[in-house]
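**Student:** give me a 3D structure for the following:
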Amino acid sequence: MLKEVVFHIYPTDCDMLGHLNHATMLNFLERARWALLGDQVDLTSWNRADAFPVVRHVDIAYIAQSLPGEDLAIRSGLLAVKNTSYIVKQDVRKVGSGTLVAEARIVFVAVNQQGQKVPVPAAWTDAHAYWPNDGEDEQVST
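**Tutor:** Numbers count the residues shown, from 1 in each chain. Sure thing, here's the model as predicted:
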C-alpha cells in the first residue's frame, strides 16, 4: 500500500499571486519521500552508509492550483527499479475533493562514498511499495 502524507498550505508557502510556490511543492515532495523511510533510516549513521540515493532527474506536471488553507495529500511509490537507478512516482491531491494538483517522477541513482554508481540495494526497494499498475506506467526490474 502506498504511503500518504498530508501537508497544510500556509500563506508563507505561496508566491506573490497567492498560489503554492513551486519550490515549496518540491519541498513537500521531498518530505513525503523521507516519510516513506520512516523508522528504516538511522539518520545518525546516514553519512557512513555504503550507498546513497542522489537525485538525477525530476519531472513535475502541475495540473491545478493550490491555495492557502488547503491540505494536500501526497502518495509515493516505486515506479521502476533498474540496476543502479530507480524511479519514485508521486501524486498530489487536494484533501476532500481528491483533485489532482501535481504528478512527479524522480529518478535516483545509487552511489558509493566516492560518488561512483553502485547497484541499488535490495533493502531500499524492499522497504517501498510499488506504484499500482494503472496501465499508464511500467514497473521495470533489471
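
**Student:** closest to the centroid, which residue in the protein?
**Tutor:** Nearest residue to the geometric centre of the chain (CA atoms, centre = their mean): Arg33, 4.3 Å.

**Student:** name the helix or strand for that one, please.
**Tutor:** Assigned by DSSP states H and E, Arg33 belongs to helix 22-37.

**Student:** averaged over its residues, what pLDDT does that helix have?
**Tutor:** The pLDDT scores in helix 22-37 average 90.

**Student:** quick one: the strands in the chain?
**Tutor:** Counting by DSSP state E, the chain has strands at residues 3-8, 52-62, 71-81, 85-94, 100-111.

**Student:** ok, back up a step: separation between the residue nearest to the centre of the chain and Met16?
**Tutor:** Taking CB to CB, to the nearest Å as the measure, Arg33 falls 28 Å from Met16. The C-beta positions use only the backbone N, C-alpha and C, and glycine is treated the same way.

**Student:** got it, and Val6?
**Tutor:** 26 Å.

**Student:** now Thr24
**Tutor:** Remark: distance between Thr24 and Met16 (CB to CB) = 13 Å.

**Student:** in terms of neighbours, single out the busier of the two.
**Tutor:** Shown here are Thr24 and Met16; by other CB atoms under 10 Å, Thr24 has more neighbours (18 against 6).

**Student:** excluding residues flanking it in the chain, which one is nearest the more buried one?
**Tutor:** The spatially closest residue to Thr24, leaving aside those adjacent along the chain, is Asp13, at 4.4 Å (CB to CB, 6 or more residues apart in numbering).

**Student:** report the contact partners of the one you found.
**Tutor:** With contact set as CB atoms under 8 Å, 6 or more residues apart in numbering, Asp13 has these partners: Leu20, Asn21, Thr24, Pro68.

**Student:** quick check on those residues: which are buried?
**Tutor:** Leu20, Asn21, Thr24 (16 or more other CB atoms under 10 Å).

**Student:** which of the residues you listed sits closest to Tyr86?
**Tutor:** Thr24 (25.0 Å; CB to CB).
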